[in-house]
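> Using only what follows, build the 3D model:
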Amino acid sequence: MTTTTTALPATGRLSPFAARVAISALFFFNGMGFASWVTRIPAVRHALGLNEGQLGGALFALAAGALLSFPLAGRGCARFGARHATLFTAVLYCLLLPLPVFATSLPLLVLALGLLGMANGSMDVTMNAHAVEVEIYCGKPIMSSLHGMWSVGGVVGASAGGLLVGQGVSQQAHLAMVAALLLVGVLITRRYLPPSTTHDEVAGPKFALPSAAMLGLGCLIFCAFLIEGALADWSAVYFQDSLHTSPATAAVGYAAFAFAMTVMRFLGDRSAATWGAEPLLRWSNGAAAIALAVALWAQQVGLTALAFVITGVGIATVAPLVFGAAARRSTSSAGQGIAAMAAMGYSGFLVGPAFIGFVAQTTSLRAALGLLAAMAAVISVLAYHLRGEPAAAA
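Predicted coordinates:
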């Protein structure tokens with residue numbers, strides 16, 4: 001396998017600070033665009049007259065499209081370089097973002113969401129792959145803060161979307177405006193992204209069993225995404241039905257979790273550099289497992305909210321640390337290593353809510369959420385798979 005490096009679009013050495021701002025902007029754009037779409041799901045459902053089952057099936061197309069896109073995006077990074085692949089998928093994401101709100105029937109909505117899912121999944125892989133290269137270019141860890149920027153983009157997109165909904169702006173005008181704004185932003189960042197390494201195709205099988213180390217990383221991100229997906233769908237239900245809070249108070253649980261996760265992602269780079277990736281995940285997720293177990297036993301609102309905060313801190317840095325490690329350890333390319341981890345993570349995100357629902361149906365929601373404490377404990381135990389990871393990019 002031979003490697004080549006793409007040239008910068010502008011002359012002179014690119015500032016590491018400018019490169020970091022540019023890749024941060026792409027993470028922000030992706031989060032903002034996706035959250036903007038989420039705020040319009042009720043409007044799309046109403047416009048098409050969908051019931052819960054039909055809407056759920058349509059939304060599944062979004063995840064299915066993402067899963068299908070991961071291996072393609074990984075190979076695209078290897079063949080064309082993560083920089084070019086990131087810019088291509090980012091433009092595609094902007095162009096496809098408004099498509100679902102223009103759907104006039106359920107089949108067209110499924111098609112639109114499948115295409116948007118593929119664009120979103122591809123951008124997820126390519127921008128994380130290029131982020132590893134930017135991290136090396138900058139000479140210090142930045143992956144965790146980039147994921148924090150994605151979360152901030154989500155907050156901005158959701159807030160702006162709620163405001164526009166309240167002002168009576170149509171879903172078509174809203175998503176079209178957001179897509180246009182993000183497209184301009186993507187084109188601006190193009191000049192400030194550093195060069196990429198490309199990999200020629202190699203002879204041999206296209207699919208191979210991953211090494212034990214990569215499987216370990218996959219288990220880490222699977223558990224983290226399972227916890228995140230389960231809490232997103234079931235935390236408010238648990239607060240309202242099991243802890244008997246009001247609907248308004250029920251939203252506090254997930255809000256506390258999401259806020260803690262966002263803050264920790266901005267602190268994650270320095271924390272990993274100070275303590276190391278393995279101890280950070282081991283102790284933070286060990287604390288999350290204990291906190292969740294105690295809170296579920298005590299069934300007190302304040303203690304449960306605190307446990308959700310500790311859990312958000314615990315899993316916040318799993319994805320950026322695992323993506324970075326997979327990119328460095330992949331025997332093919334950074335993009336393909338990240339694609340494999342993204343597939344494992346999304347699988348956990350899809351499995352989590354349904355799995356918790358099934359267990360809750362046969363036992364209780366309290367017992368089902370106890371499995372999330374077990375998942376946090378698994379992350380703590382398997383944190384040794386990040387042993388030896390550099391405290392900073394070099």
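> Listing request: residues of the chain with sub-threshold pLDDT.
1-12, 52, 197-213, 248, 251, 332-333, 389-394 (pLDDT under 70).
> tell me the domain ranges of it?
According to automatic domain parsing, the chain comprises the domains 15-196, 212-386.
> Could you name the helices and strands sitting against the longest helix seen in the chain?
Assignment by DSSP state H gives helix 106-138 as the longest helix of the chain. Under the contact criterion of 3 or more Cβ pairs under 8 Å, 6 or more residues apart in numbering; DSSP states H and E, helix 106-138 touches helix 16-38, helix 41-48, helix 52-80, helix 82-96, helix 143-166, helix 318-329, helix 334-362. Placement of C-beta: from N, CA and C, glycine included.
> And the third one, what's buried?
Judged by neighbour count using 16 or more other Cβ atoms under 10 Å, the buried positions of helix 52-80 are 55, 58-59, 61-67, 69-78, 80.
> Kindly report the same for the second one.
By neighbour count with 16+ other Cβ under 10 Å, helix 41-48 contains the buried residues 41, 44-45, 47-48.
> Can you lay out those as JSON lines showing distance to residue 194?
Formatted as JSON lines, these follow (distance: Cβ to Cβ, whole Å):
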{"residue": "41", "distance to residue 194": "37"}
{"residue": "44", "distance to residue 194": "39"}
{"residue": "45", "distance to residue 194": "42"}
{"residue": "47", "distance to residue 194": "43"}
{"residue": "48", "distance to residue 194": "44"}
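> With residue 33 as the reference, measure out to the closest residue in space to residue 92 that isn't next to it in sequence.
Closest residue to residue 92 apart from its sequence neighbours, by Cβ to Cβ, 6 or more residues apart in numbering: residue 119 at 4.7 Å. Distance of residue 119 to residue 33, given as Cβ to Cβ, to the nearest Å: 10 Å.
> ok, now residue 187?
Applying Cβ to Cβ to residue 187 and residue 33 gives a distance of 15 Å.
> contacts for the host helix or strand of residue 281?
Using DSSP states H and E, residue 281 falls within helix 277-298. Defining contact as Cβ atoms under 8 Å, 6 or more residues apart in numbering, one finds that helix 277-298 is touched by 220, 268, 271-272, 303-304, 306-307, 310-311, 313-315, 317-318, 321, 325, 366, 369-370, 372-374, 376-377, 379-380, 383-384, 386-387, 389, 391.
> Buried subset of these as a ChimeraX selection?
Typed into ChimeraX, the line below selects the buried ones among the contacts of helix 277-298, using 16+ other Cβ under 10 Å:
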select :220,268,271,272,304,306,307,310,311,313,314,315,317,318,321,325,369,370,372,373,376,377,379,380,383,386,389
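> hang on, isn't the residue nearest to residue 92 packed against residue 91?
No. Residue 119 is beyond contact range of residue 91, at 9.3 Å (criterion: Cβ atoms under 8 Å).
> who has more neighbours, the two?
Counted by other Cβ atoms under 10 Å, residue 119 and residue 91 do not tie: residue 119 has more neighbours, with 26 against 17.
> which residues sit in contact with that one?
So residue 119 contacts 65, 69, 89, 92-93, 95-97 (Cβ under 8 Å, 6+ apart).
> same question, residue 383
Neighbours of residue 383 in contact, by Cβ under 8 Å, 6+ apart: 220, 277-282, 285.
> and the contacts of residue 119, which are buried?
Here, 16+ other Cβ under 10 Å leaves 65, 69, 89, 92-93, 96-97 buried among these.
> Could you work out the most separated pair of the residues you listed?
69 and 97 (15.0 Å; Cβ to Cβ).
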